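Chemist: Could you work out the structure for the sequence below:
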Amino acid sequence: MDKQNIVVTYNASPEQKALLLEVLGSLATLTFLNEIQSAQREQTLERADVLLSWNFPREILPHEYPRLQHVKFIQLISAGADHMPFA
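Modeler: Down below sits the predicted model:
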């Protein structure tokens, strides 16, 4: 099975990043949006299978939504999803 592309959209602390890499690093390719060049952002979002987000509307801009065609799963680490643009 191919590794899934997980894109972490929030600014993970060093501790959070280390934990994510420890737990998921052998199972998936993790990309932290705050660590890549803006020129790579659209391509990274286009390849994403999973998004790990805190506050989706603040982390992914509306003009980037069409780039998320391959996303199969969005995991919010915040409480509630009132802020999600479901429509």
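
Chemist: Quick check on residue 11: phi, psi?
Modeler: Torsion angles at residue 11 (phi, psi; degrees, to the nearest 10) stand at phi -80, psi 90.

Chemist: roughly how far apart are it and residue 43?
Modeler: 20 Å (CB to CB, to the nearest Å). No exception for glycine: its C-beta is placed from N, CA and C like everyone else's.

Chemist: Find the residue closest to residue 42 in space, skipping its chain neighbours.
Modeler: The shortest distance from residue 42 to any non-neighbouring residue, by CB to CB, 6 or more residues apart in numbering, is to residue 67 (5.5 Å).

Chemist: so who does that neighbour touch?
Modeler: Going by CB atoms under 8 Å, 6 or more residues apart in numbering, residue 67 touches 42, 45, 46.

Chemist: quick one: which of those has the most company?
Modeler: In terms of neighbour count, residue 45 stands highest of the contacts of residue 67 at 23 neighbours, by other CB atoms under 10 Å.
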